[in-house]
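Visitor: Make a model of this:
(chains A and B)
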Amino acid sequence: MYKFLSTKNRDGILHPIRKLTRVMKITYFLILALVLNVNAKTLGQTVTLKANDITLKDVFAKINSNTGYHFIYHLETINKVQRVSANLKNITLREALNQILVPRGLDYTINENDKSIIVSKNQQAPTRAPIKIKGKIVDETNTPLPGVTIRIKGSGLGAVTAADGSFTIEVADQSAILVIGAIGYETREVSASGTQPLLISLKQSIKKLEDMVVVGYGVQKKSDLTGSIGSIKEKEIEQTKSVSFMEAMQGRLSGVQVSSSSGEPGSAVNVVIRGTNSFNSGTQPLYVIDGVQIDVNNGEAASSGIGSTSLANPLSGISPSDIASIEVLKDASATAIFGSRGANGVVVITTKSGKNNTSTLELNTYAGVSWNPNHIDVLGAQDYANYRLQNGTADGNYAIDLNNDQVFDVVKDLSGVSSRDWQKETLRNALIQSYNISYSGGNAKTNFLVSPSYLYQEGLILNNKYERFGLLMKVNHNATEKLKLGANVNLSHSLGSGVASNGGNDVRNYNGLIQNLILTRPVNAPDPTQLALDPDGGAFSSPVDFAELSYKRSPLTRVLTDVNANYKIINGLNIEARAGAVLTFSKNGEFYPTTVSWGFPTNGLALLNTSNSVNWYQTSTITYNKRFAKHHSITGLLGFEINSYQLESFRWQGQGFDVQSVNPLDNISTAKVLPVPPSTDKQRYIRISEFARLNYSFKGKYLLTATLRNDASSKLALNNKSALFPSVGLAWRVSEEGFMKKQSLVSDLKIRSSFGLTGNERIPAYQSLATLAPVYYSAAGNSSTLGFAPNTIANENLTWETTHAYDVGLDLSLWKDRVTLTADVYLKQTKDLLLQADIPSQSGFMRQYQNLGQIDNRGLELALNTINIKNDNFTWSTNINLTMNRNKVVSLGSVAYIPVTVYGGAITTIGRVISGQPIGTAFGFVYDGIYQIADFTAKNAAGTIINPSTITNANLNNYTYTVNAGIPSMASRAARPGDLKYKDLNGDGVINDNDRKVISNSNPKHYGGFSNNFTYKNFDLGILFNWSYGNEVLNLGRARLEAGQSQFANVTEAYWNNRWTVENPSNEYPRLNGQGKLDVSSYYTEDASFLRLKNVTLGYNLNNAAALKKIGISALRFYVTGTNLQTWTNYSGFDPEVNSYSALLPGVDNISYPRERSFIFGLNLKF
Amino acid sequence: MKRIFILIITGIAICCGSCKKMLEEKPYSIVSTINFYQSANDAELALTGVYDVLNTPSIQSLGNQALWGRGMHYMTNLGVDDLTQDIRFTVGVPELVPFNNYTYTAENPLIWYSYFSLYAGINRANFIIEKVPTINMNPTRRAQIIGEAQFLRGMFYSYLGWMWGGVPLITGTAPDVSSPRASLQAVLQQAETDLKAAYAALPARNPNQGRVNKYTAAGFLTKVYLYEASAKQNNVGQSLNFPLNSLDWVNVNDAYAQALLYAKDIYDNSGYKMIRPFAHLFLAATETVGREENMMIVQAGAGGNQEYILSPQLSGPRGNYRTNAGTNGFLRPVRESYTKLNGNDGRVTTFSGYLTTTTAFTTINNYIYYNVDPVLTNLSNLCTNKWREDDPNARAARGVVVFGGEADFAILRFADVVLMYAEAQFQTGNESAARALLREVRSRACNDDLTKVNLITTAYLKANFMDELMEERARELAAEGWRRIDLIRTGRIASVVAGLSTSVMFTGQDPVSIKQNFSPYKIWYPIPSRDISTNKNLIQNPGY
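Guide: Down below sits the predicted model:
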């Protein structure tokens, strides 16, 4: 105990004055020691002390009451001492003091005489030189863990592991305790006394509560959240093997509905969080990519709108392999900080970063093949000839005119003619390849990551492919103790090519390749150089020629840059500034030569579109966090943001190319004809915002988050430019309450609730102004005159769409987090909906942007994670997420309903948005079977009733049919046998427009995902199902596949063999020329519920295998993934998961791109 | 570090200071109505904007050739003994099909878009009528511009009245979107007022070739008065008991007198004449000479934004528009339309068979027109042979798209005026003058061959002059968009539909359904359902 008598101080130098005092002190202590020795026996008294996080002063008080000894000390001396926790039982006073004071750098002297204890600072230096401890930190699979921090317990000293997991640390003596903590792992305390090097294995923590979650303008501990936030991590994203991260979210998160418009690679994906809550204003969430806010603007991907409207996904350039986590902010407490952009939810994407003191090279690659799992059976040559004869459009190719009266009498024998199966000829086994190399690392002050990637994915259709080149670069640097600097650049260049037109918005596109490969006749494929000789007069190319001879390329380059600086002004007060820009450049070039149907009429057709956007922003925030008066903790955030968005586009169309050996897109001056003048467009808008957030926590039990944002947008009318968006969230961590401490069942229980306002102003710019557009009128001499005409009608009252969102949620963990459940119920009321509303024609305008009505979305979200089995060799975990959302139009203001139109095709006005109904409903007649001959009284031209048995297929149309009593008939047309029959809903005896109702609902009753993950030794297996139940699709493609829209188009076998004829009075399929095929009716409504085995991945991991180490590989993983392996559905089209381009009625199928099934083999290597 | 901090704070402060200015919307590619209509040039641009409505492919990106580019031909010619559809080929264009057999409803998109397009034209004209008077420019031209706008507004209101009956009356630039339907009386009287103003303001010929003039206005005034008088005379729509569309207010004698007045002015003073040969009225090659008769034309041609007439979808010889400039054969003549003609009538050449050749052609003014097939005796290949387009390759070389019709379409031509003049003469008691006018038209039809004129006059003679005149109008103006309105206004439509032959000319023709689906209320088109639902003060026409 007298080691303090050392004559050397820590520096080893004795200062003269200090020396003097030291000598005096020594003398004094020596005297005291003698006294103590004398009185040693009296110190047999024992101490029992139980202390739980109390101050030293309180400890002294306790000892005093226990023993009667009082303490003498300088306040200064003990105030610096941390709080004390101890549990001492019946030990001597001296032992107690040794345990409590000595580790805290204090010494003491017991004065037996006056029963006092003098407490003073321990002045001595350690007697021994520090010991170097070497060690290595690995995870359960023996993989080294770089960048892990090791601290010495009770001291501020620490070290960080290197790339191979090794570390070196100096400790005072062998009794030192090392504390090792890493995010995602259980914290361990290890004695430094073990055999060196210490091999320390960290267990992955199943306790997820301490996970950090990225929220708006910051990160938060998951346990401190008051909002509803879903998140998926790297591993799950990687499993999906999808082109875009949006698809990777599908089936993984509750409350998030992901549907792609098409199976075409790189095509647009629609993400809806907690239901559609807007009409014409955007329904997509806000994306925040590494702090950069991005709205999906499909206009950024240039498109002619003619060649193909299968929208390109402007965010598909972000490579999923670069993403570390995706957080989805769902309720107002989480999203209101984004104010006017938060109403549709926010998807926060964090890309990977380098780790300090490491150096890692990682290679991820996979390759695979995909194919179309479905085939729609259509007629072969002979049946097709029969069909042409029967529908009256036969020519010499299909039938024979026996008596030369220009009427064909019998079908031609085509048995020797081979039928073309265009689906087989045009769809192929498509290849996928992906490469990603990431090099990351850093030293203590700086970390970096460089990750180039390349993806090549073929579409199922010939010549259709998608390529992506990506480069993510990130640097973070601690310039000083106080200043952190960071920059990141994410470059992507994606290139879609090939004319894979989807069922979409434009007439041409509606007759795109994907439709034609089913509808094209199976014989008499035209010679591409002789299209004019097409006997059907349509000059239609065969799908194969069309795919091979047409040219389409759509490159899209996106540059995302961000620089940021964080400066610590004082402890707890940080200022952060970030600025950057997102630039996009895209071009769409299409050329249809004279040898394909689109180019034939005009001697070539070239389309060129470009689109550039500049989106810059600057965000400044000040954060302050402070813990005071022991139980109170606050974090405050104040911020300012400015954001400018500008989009410029160019359109050009050329025709009449005498030279087609050179692609005219590379030399547009060879166009002889410009059918439409080239046009440019430029628009810009600006948002200016101020925001604040306060997080307050009391004892970590009661949590409050309050946010307030003021947004001003240039898009809105003069007096409505700015608005306030407040929110408040409250949470109670029940499990932190004293009464919960005694049980071990519930490891965490939190009850959350929130309310707030968020906005939406995603409408085109300039809608509050009255504008004119250029128009033309022909003049003499084959010219035209430019004119101007009113184009939009001003709305001086245009304002934000505001969502009032309420959420109540529960987070529950049982059995030490073996079972975790998150449940939320929510209500979102969106008011003042921004809507391009129909207005009466008498205004001279069809539509106007208005604020109208209200939509409610209410729902329930459940996410259940269980770890079913967890032992050394085998783990099995399960995740189920389920969402039930009910959407309802509460009011439409003064408007009775909003018609929903899909452009292109014969059936256009198909739906209505009606008050009291959900969004996404088709509106039409209710199908009630097929009219039969017995339903009518038939008369001949003379008015005589004829015997029904004399009716034949040939003379059917010669008679006048009157429906018998009790059989409803159409008011606008006389029904005939074989027509579609509808229900007389109002019972007035006739079927007219009043007998229509809602006939389909695109919204599922529930949807979700179910995944199981297994690991066994080095193997892992992941199985993901996703489902949608109760949603309906209006399968308008059937109208085309059942001879409804073109008499030349091929028809399905199912229709042809079962259609109504006099001999086959079907009650399921109408007559060949039956009326009603183009009515909107529930005949086309189909249940599109499905259960899909979306993804199965089997992997094998090899970490730190000696053989691999020799060649420098530290970890290796092989895997095989199957996607879309099986779909259980009753839907008759290619795939039940369709999404039209109208958010108002997503469930419409005009024959869409088939969804591929694929097998992928992959390899990950770490060096 | 402090400096950075201060810089940021200053930055924020500066940004906030300039906030308001930054939030002003700055349109780059867009002209606002606020700063337009300021100069003579603006006035001309705005006027072209009104004409644009006539054949524009779309307005505000909506509609699909709803007026004379395509849709109006369907709405004015079908369902009667004029044109029918070959449904085998129109099945893919379902908004057009219902006009063939009276199955249209208020949901029909073509009805939506044609109704809207007329109002869009009215709105464009309203801006001129309201804003141009204050522009500092040549006062003569200014008055003419306003006059032209008034003509077009008057014409658009005439069509609205004829097709829908009473409709909301909008005459200003700040339209009341909740105003109810005005009476048919108010609508037609507005048309009269506008047309009279145009008649007063416009010169005999418009300096801009092809645009309207004083006599065009007179011609439409004649149309409006004849409509009022004959419809009142024949109790049109009375059985429907729908006061809004009532014609009770018309003074028949006054209206016929007015019609006579304007028709006489055109006949005596306009300088328009019936050109020879008849066929040259309908060809781009002979447009110049055609304008000596064609008084109100919808111009078409290259340039601009696809300002064409969608000829392959209209009535013309069925062929291949890509090779021989035939049509798709969507619209075909009804049997009666052809059988009304006597073999000696030169106008039989306005009918033909299909267009199958790609080698045999006739050259007119260097334009190549492919020769048509003769009409088969069973009429299975009967087609209209009026508007013809020349060789597609030659047109492409001129910059005209292959599916675009370049020949102007005449809404009003002098022969029509002569026949209207005859009607007015007859109705005001001068049958002999009326018959003389009829003979003038027939004389041109026979290329002035007196023998033939006499032969057809005998063949066509009817005791009731109006019966004969209406037949003559059908022969002269076949497929030109007047037969349906003529039959409605003279109360003949029901009997004509009932009398249609049920024998089938071509596979798929279905005359039975036309007869069965006709009902007297179908003389008025339904007010578009989208308008009824967005303006609760609108009432629907009876029967729908």
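
Visitor: quick one: contacts for the residue of the stretch 351-500 of chain A found nearest chain B?
Guide: Per C-beta to the nearest C-beta, residue A:392 is where the stretch 351-500 of chain A lies closest to chain B, at 3.5 Å. The way it works is simple: take the backbone N, C-alpha and C, and place the C-beta from them, glycine included. Going by C-beta atoms under 8 Å, 6 or more residues apart in numbering or on different chains, residue A:392 touches A:1047, B:88, B:507-508.

Visitor: which residues of the stretch 901-1050 of chain A score low on pLDDT?
Guide: Across the stretch 901-1050 of chain A, the ranges flagged by pLDDT under 70 are A:903-905.

Visitor: Up against chain B, what does it have?
Guide: Neighbours of chain B within the stretch 901-1050 of chain A, by C-beta under 8 Å from any C-beta of the partner chain: A:906-909, A:941, A:957-960, A:970, A:972-974, A:992-993, A:1044-1047.

Visitor: Whichever of the residues you listed end up buried, select them in ChimeraX.
Guide: Those of those that count as buried under 16 or more other C-beta atoms under 10 Å in any protein chain shown are selected in ChimeraX with:
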select /A:906,907,908,909,957,958,959,960,970,972,973,974,992,1044,1045,1046,1047
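
Visitor: about what we covered before: disregarding residues adjacent in the polypeptide, which is nearest to the residue of the stretch 351-500 of chain A closest to chain B?
Guide: Excluding the flanking residues, the one nearest residue A:392 by C-beta to C-beta, 6 or more residues apart in numbering or on different chains is residue B:507, at 3.5 Å.

Visitor: Just give me the neighbour total for residue B:251.
Guide: Number of residues near residue B:251 (other C-beta atoms under 10 Å in any protein chain shown) recorded here: 12.

Visitor: where's it relative to residue B:232, distance?
Guide: 8 Å (C-beta to C-beta, to the nearest Å).

Visitor: again with residue A:909
Guide: For residue A:909 relative to residue B:232 (C-beta to C-beta), the value is 37 Å.

Visitor: likewise residue B:93?
Guide: Distance from residue B:93 to residue B:232, by C-beta to C-beta: 37 Å.

Visitor: ok, now residue B:25?
Guide: 53 Å.

Visitor: Same drill for those two, tell me which one is more crowded.
Guide: residue B:25 (22 against 19).

Visitor: Quick one, grab the pLDDT at the more buried one.
Guide: Residue B:25 carries a pLDDT score of 70 in this model.

Visitor: need the contact list for the residue nearest to it when sequence neighbours are not counted.
Guide: Excluding the flanking residues, the one nearest residue B:25 by C-beta to C-beta, 6+ apart is residue A:714, at 5.2 Å. With contact set as C-beta under 8 Å, 6+ apart, residue A:714 has these partners: A:684-687, A:721, A:765, B:22-25.

Visitor: Let's have these in TSV, adding secondary structure and distance to residue B:104.
Guide: Below are the contacts of residue A:714 laid out as TSV (DSSP: H, G, I helix; E, B strand; the rest coil; distance: C-beta to C-beta, whole Å):
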residue	secondary structure	distance to residue B:104
A:684	strand	44
A:685	strand	42
A:686	strand	48
A:687	strand	47
A:721	coil	45
A:765	coil	38
B:22	helix	51
B:23	coil	48
B:24	coil	47
B:25	coil	42
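
Visitor: Can you report phi and psi for the closest residue in space to residue A:316 that isn't next to it in sequence?
Guide: Sequence neighbours aside, residue A:244 is the residue nearest to residue A:316 in space, at 4.1 Å (criterion: C-beta to C-beta, 6+ apart). Backbone torsions for residue A:244, taken as degrees, to the nearest 10, come to phi -120, psi 160.

Visitor: got the contact list for residue A:244?
Guide: A:266, A:269, A:313, A:315-316, A:318, A:320.

Visitor: mind redoing it with 6 Å?
Guide: A:269, A:313, A:316 (C-beta atoms under 6 Å, 6 or more residues apart in numbering or on different chains).

Visitor: wait, the second one sits on residue A:268?
Guide: Spelled out, that is residue A:313. Yes: with contact defined as C-beta atoms under 6 Å, residue A:313 and residue A:268 form a contacting pair (4.7 Å).

Visitor: The helix ranked longest in chain B and chain A, any residue contact?
Guide: When chain B is parsed with DSSP state H, its longest helix is helix B:139-164. No: judged by C-beta under 6 Å from any C-beta of the partner chain, helix B:139-164 makes no contact with chain A; its nearest approach is 9.9 Å.

Visitor: Tell me the first helix or strand C-terminal of that helix.
Guide: As assigned by DSSP states H and E, the chain's next helix or strand after helix B:139-164 is helix B:184-201.

Visitor: Report the buried residues of that following helix.
Guide: B:184-192, B:194-199, B:201.

Visitor: ok, now stretch A:1086-1102?
Guide: Buried, per 16+ other C-beta under 10 Å, within stretch A:1086-1102: A:1086, A:1088-1090, A:1092-1097, A:1099, A:1101.

Visitor: Tell me which entries of those residues lie within strands.
Guide: A:1086, A:1090, A:1092-1097, A:1099, A:1101 (DSSP state E).

Visitor: Those residues also near chain B: which ones?
Guide: Applying C-beta under 6 Å from any C-beta to those, none is adjacent to chain B.

Visitor: so which of the residues you listed would you say is closest to residue B:533?
Guide: residue A:1086 (28.0 Å; C-beta to C-beta).
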